[in-house]
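K.L.:
missing the sequence, but the structure's below:
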């Protein structure tokens, strides 16, 4: 991957504020010798981003690895596809419940659910004006249970630290 694309990937999917510095280090290192293990990459990033407090926070390489994983697995594309399919097969009055562990995933879930909820508002208006159209019957309608995601309490995070970034969204199908 060229330098510019790697930078954009780490910046956008990893939401890494030090993406340019990390990218430069990766490009420089791989020009001398290929990076062939995750340990090599993690150590390179750790050397590049010197953070003595990292044992109390995320490892400096976490966001870069996240970006690479999301890119390789096409996670946002797959999420969008799965949510669309889930809404299609959801029974009336069934509830779609999604837990996202990353802000980009949560944003994608929020946008898809909101788009479906907006169609719900449109459907209500069209029913009030008694407009009949076969396409309207095919629209999937959701109702957002909360505007903001449900996040774990401090006690839940203490009992299960991996829950710290979880965001739950739910919407029943009308």
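P.N.:
Structure's in. What do you need? Remember, predicted model here, so these are calculated numbers, not experimental data.

K.L.:
Do you have the helices of this structure handy? List them.
P.N.:
Taking DSSP state H as the test, the helices found in the chain are 3-12, 19-32, 38-48, 62-73, 75-89, 103-128, 134-138, 154-159.

K.L.:
which ones are touching the nearest residue to residue 149 once chain neighbours are set aside?
P.N.:
Nearest residue to residue 149, sequence neighbours excluded (CB to CB, 6 or more residues apart in numbering): residue 167, at 3.7 Å. Quick note: C-beta positions are derived from backbone N, CA and C, even for glycine. For residue 167, the contacting residues are 99, 100, 101, 106, 149, 150, 151, by CB atoms under 8 Å, 6 or more residues apart in numbering.

K.L.:
Which single one of the residues you listed is nearest to residue 79?
P.N.:
residue 100 (8.3 Å; CB to CB).

K.L.:
Which strand residues bridge that closest one?
P.N.:
Counting by DSSP bridges, residue 100 is bridged to residue 167.

K.L.:
What pLDDT is listed against it?
P.N.:
pLDDT, residue 100: 95.

K.L.:
does it really touch residue 169, like I thought?
P.N.:
Yes - using CB atoms under 8 Å, residue 100 makes contact with residue 169 at a distance of 7.4 Å.

K.L.:
gap between the residue nearest the centre of the chain and residue 74?
P.N.:
By CA atoms, centre = their mean, the chain has its centre lying nearest to residue 105, at 1.4 Å. To residue 74, residue 105 is 13 Å away according to CB to CB, to the nearest Å.

K.L.:
Equivalent analysis for residue 98, please.
P.N.:
Distance of residue 98 to residue 74, given as CB to CB: 18 Å.
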